[in-house]
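Novice: how would this look folded up:
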Amino acid sequence: MRKLSWGLVAVIGAFAVGGIALHRGETVNAMWIVVAAICIYAIGYRFYSAWIATRVLCVDSARLTPAVRLNNGRDYMPTHRWVVFGHHFAAIAGPGPLIGPTLAAQFGYLPGTLWILVGGVLGGCVQDMTILFLSTRRNGRSLGQMARDELGPLGGYAAMIGTLTIMLILIAVLGLVVVNAMKHSPWATATVFATIPIAVLVGVYLRNIRPGRVLEATLIGITLLLGAVIGGGVLNEHETLHTWFDFGGQPLAAFVIGYGFIAAVMPVWLLLAPRDYLSTFLKLGTVMLLALAVILMRPDIRMPAVTQFIDGSGPIFGGTLFPFVFITIACGAISGFHALVSSGTTPKLIGNETDVRLIGYGSMMLESGVALMAMIAATLLDPGVYFAINSAPGVVGATAEAAVTTISSWGFPVTAEQMHALAAAMGESTLLARTGGAPSLAVGMASIFSSAFGQGMLALWYHFAIMFEAVFILTTLDAGTRVGRFMLQDFLGHFWRPLGETSWYPSILLSSALVVAGWGYFLYIGVVDPNGGINILWPLFGIANQLLAGIALSVATGILIKQGQLRYAWVTAVPLGWIAIITTVATWEKIVSPDPRIGFVSAANQLAGKLASGAMSPEQAAVAPQLIFNQRLDAVLVIVLTAILWIVIADMLRVASRVVRGLPVLPSSEAPAVAEVRA
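Specialist: Numbering: from 1, shown residues only. Now for the predicted structure:
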């Protein structure tokens, strides 16, 4: 019966995938996508993840983890598996699974949907679980340190420099997104602020007041969190109180920078773990509510399966379907940032090796589901509305009339009156040219929620979705800062050993300050620049993230081969090969493309030409030098980071070749096995 049941799941999943892939010229119900995802995720977790855990990784439930052996009550501490699951999911689930699919919807619903499903199950989930297990076996070592210990100094130091550089770029972009989401939004700001003392209360409750009472602490935290959401709405309507939380970009940037430093230096049990655990309930609750609404309403997808913009002429971002759909949708399919979390805070909290499968594979599978819900929410919008919200004024026109005329000429009719009415319903003055993906995603989510749970609550659902996106991002930022601190401590420890001690407070304060200063500088530049500044680094986000995934998969492949698992090395080598191809092609196009909408160099040259000819207004000319510098900086960074990836791959292949030929290699850095003593 079990075999028949799983066979039926496979047939239903195949039928659903065929339905969404082959239908043309007629609408496709969103339920097909949900059914396909449920079947694929269920089969992937039940069989593929179990096979990897048993045959490839050889998980041992009797082997003590570093959280048990090195328990210091701060960084190393055995934690309940569901608390760790919540912390890990909250840490990895940033803006990528929300924003990436929303932007990639310009290609149509089909390419992004297939990449989320296939890339997640065969790539992202495998990377997260494998790196988490390998780091757990090595006392929670960071990705860069594992590369150095297992591959050698060349690949190791290249990986350490590359991951730290990429880390600063990723956190800066995350910080800018959360600042823009909270800017002049008292509701979102007040709610996000409230999650911090709530998390501290839950942490103290679990450690000092009622140790081990996870259910009690969870109920208290959820109640307070929901109260914060409701209270934020009440505060937003108050004539005086809402001004206390109405901040511009610079004060919010200072808050984010300060919060990142505090989160990195405080004990993990006091703020990071309980805050991310509670944030997970908001995230999961919203995503599950969204899925329930889709099931109840069974809405039709309005975006075509494939649009004409696969040729690279898209209004939201330039670039052809290959490779840019795989770069734009990073976190929803495979994300290098996850490898930093999987080799940073999480392995220091794992209480039993068997939890690696749930936390590593399961968390990424859940994030892939979040990305799929974001794709559904974006493609349920009328295509004309979708493009009106996400297209920049320079592409479609500065006025509402010009924008709707341009968009309608593409075959996606929309009217100025329609956009005005939609903005009024969402409680906004305008929704035109609200680029970045977050507003259109919020509109899509609000439309689904209001259809299922109350037609008169569009504005409420819209602002709830904006707040939901901000919390999603901030929980990734705090974990990323702590991971960056671990990485920098590993590096500084080579110059003076005490600086490499993760529990020595002077080292904690120094390394945290340096990491926060690194990404905080770029965040500040992005906030104060009227033209966005660091926003020019957004194209680097997807490429850098996938390059980091390539580094992680290279390290995992090398370790598996060293451990005598050559016949199973394809598990990580196949996704590594794909990531290496798409990132290299994307880098090449971003450097040599003559289209200023794609190439960094051509964009910089175009701006420089306009500046020299005097074709810019005084306001544009004032910021043009900074924009030109940032475009050229992008070009240099993407070349350097891609070169680092290939250095790591070459070093991994060198080690693999020596293993196959029976030549000596560096000894394994795996910690000696200590078995649990059982009565």
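Novice: Show the residue spans covered by the strands in the stretch 201-350 of the chain.
Specialist: 300-301 (DSSP state E, counting those that start in this stretch).
Novice: Same check on the chain?
Specialist: 28-29, 300-301 (DSSP state E).
Novice: so can I have TSV of those strands showing mean pLDDT and mean neighbour count?
Specialist: C-betas here are computed from N, CA, C, even on glycine. Listed next are those as TSV, based on pLDDT from 0 to 100; neighbours: other CB atoms under 10 Å:
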stretch	mean pLDDT	mean neighbour count
strand 28-29	85	20
strand 300-301	88	19
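Novice: Relative to G152, which of these is closest?
Specialist: Nearest to G152, of all these, is strand 300-301, at 49.5 Å by CB to CB.
Novice: Give me the sheet partners of that closest one and which way each runs.
Specialist: Applying DSSP bridges, strand 300-301 is found paired with strand 28-29 (antiparallel).
Novice: on that earlier part again, tell me which of the strands of the chain sits nearest to A90.
Specialist: Using CB to CB, those put strand 300-301 closest to A90, at 29.3 Å.
Novice: for F255, what are its contacts?
Specialist: By CB atoms under 8 Å, 6 or more residues apart in numbering, the residues touching F255 are F247.
Novice: and L372, how many residues sit next to it?
Specialist: 26 (other CB atoms under 10 Å).
Novice: From M266, how far off is it?
Specialist: In this view, L372 and M266 are 34 Å apart by CB to CB, to the nearest Å.
Novice: any idea how far the closest residue to V341 other than its chain neighbours is from R138?
Specialist: Among residues not flanking V341 along the chain, A91 sits closest, at 4.7 Å (CB to CB, 6 or more residues apart in numbering). Using CB to CB, one gets 19 Å for the distance from A91 to R138.
Novice: So which of those two has more stuff around it?
Specialist: A91 (30 against 21).
Novice: What are the neighbouring residues in contact with the more buried one?
Specialist: D276, V341, T345, T346, T475, T476, D478, A479, G480.
Novice: can you pull the contacts of T587?
Specialist: I543, V638, I639, T642.
Novice: hang on, the second one packs against K590?
Specialist: Yes: contact between V638 and K590 holds when scored by CB atoms under 8 Å: they sit 5.8 Å apart.
Novice: Need the overlap of contacts for these two.
Specialist: Common neighbours of V638 and K590, using CB under 8 Å, 6+ apart, are I543, F600.
Novice: So which of these two has more stuff around it?
Specialist: K590 (26 against 22).
Novice: Can you tell me how far that one is from W244?
Specialist: 43 Å.
Novice: in stretch 594-610, what's buried?
Specialist: 596-608 (16 or more other CB atoms under 10 Å).
Novice: and which of these is nearest to I448?
Specialist: Of the buried residues of stretch 594-610, the one sitting nearest to I448 (CB to CB) turns out to be R597, at 31.6 Å.
Novice: List buried residues within the contacts of T587.
Specialist: I543, V638, T642.
Novice: tell me the pLDDT at the first one?
Specialist: Spelled out, it's I543. pLDDT, I543: 87.
Novice: okay but it is in contact with A586, surely?
Specialist: Yes: using CB under 8 Å, I543 makes contact with A586 at a distance of 5.4 Å.
Novice: Overlap in contacts, the two.
Specialist: Here I543 and A586 have I327 as joint contacts, going by CB under 8 Å, 6+ apart.
Novice: in stretch 223-232, what's buried?
Specialist: Buried-residue list, stretch 223-232, by 16+ other CB under 10 Å: L224, L225, A228, V229, G232.
Novice: Not counting its neighbours along the chain, what's nearest the third one?
Specialist: By that I understand A228. A194 (3.8 Å).
Novice: OK, contacts around the one you found?
Specialist: L224, L225, A228, G231, G232.
Novice: Closest to V660 out of those residues?
Specialist: For the contacts of A194, the nearest to V660 is L225 (53.1 Å; CB to CB).
Novice: count of neighbours near the nearest residue to V179 once chain neighbours are set aside?
Specialist: Nearest non-adjacent residue to V179, counting by CB to CB, 6+ apart: L252, 4.7 Å away. Other residues within reach of L252, judged by other CB under 10 Å, total 23.
Novice: now A643
Specialist: For A643, using other CB under 10 Å, the count is 14.
Novice: Now do the biggest helix by length in the chain: which elements does it pack against?
Specialist: In the chain, assigned by DSSP state H, the helix with the most residues is helix 618-660. Contact partners of helix 618-660 among helices and strands, from 3 or more CB pairs under 8 Å, 6 or more residues apart in numbering; DSSP states H and E: helix 143-151, helix 153-182, helix 538-562, helix 570-592, helix 600-613.
Novice: how far out from the middle of the chain is the fourth one?
Specialist: When you say that, I think you mean helix 570-592. 19 Å (CA atoms, centre = their mean, to the nearest Å).
Novice: May I have it exported as CSV, CA atoms only?
Specialist: Extracted C-alpha coordinates of helix 570-592, given in CSV (Å, rounded to 0.1, in the frame of the first residue of the first chain):
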residue,chain,number,x,y,z
TRP,A,570,27.6,13.4,-8.6
VAL,A,571,25.0,14.4,-6.0
THR,A,572,26.8,17.8,-5.5
ALA,A,573,28.9,17.8,-8.7
VAL,A,574,25.8,18.0,-11.1
PRO,A,575,24.3,21.1,-9.5
LEU,A,576,27.8,22.5,-9.3
GLY,A,577,28.3,22.1,-13.0
TRP,A,578,25.0,23.8,-13.8
ILE,A,579,25.8,26.7,-11.4
ALA,A,580,29.3,27.2,-12.9
ILE,A,581,27.8,27.4,-16.4
ILE,A,582,25.0,29.9,-15.7
THR,A,583,27.2,32.2,-13.5
THR,A,584,30.0,32.3,-16.0
VAL,A,585,27.7,33.0,-18.9
ALA,A,586,25.9,35.7,-16.9
THR,A,587,29.2,37.3,-15.9
TRP,A,588,30.3,37.3,-19.6
GLU,A,589,27.1,39.0,-20.7
LYS,A,590,27.3,41.6,-17.9
ILE,A,591,30.8,42.5,-19.0
VAL,A,592,30.8,42.4,-22.8
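Novice: tilt between it and helix 600-613?
Specialist: Put simply, helix 570-592 runs at 20 degrees to helix 600-613, going by axes from the mean of the first three to the mean of the last three CA atoms, to 10 degrees.
Novice: Just the buried residues of helix 570-592, please?
Specialist: Buried-residue list, helix 570-592, by 16+ other CB under 10 Å: 571-573, 575-576, 578-580, 582-587, 589-591.
Novice: Same check on the second one?
Specialist: Applying a neighbour-count criterion of 16+ other CB under 10 Å, one finds 155-182 buried in helix 153-182.
Novice: From the rest of the structure, what touches the worst-scoring helix or strand of the chain on mean pLDDT?
Specialist: In the chain, no helix or strand scores lower on mean pLDDT, DSSP states H and E than helix 393-396, which sits at a mean of 70. For helix 393-396, contacts defined as CB under 8 Å, 6+ apart pick out P315, F387, A388, A402, A403, T406, I407, A433.
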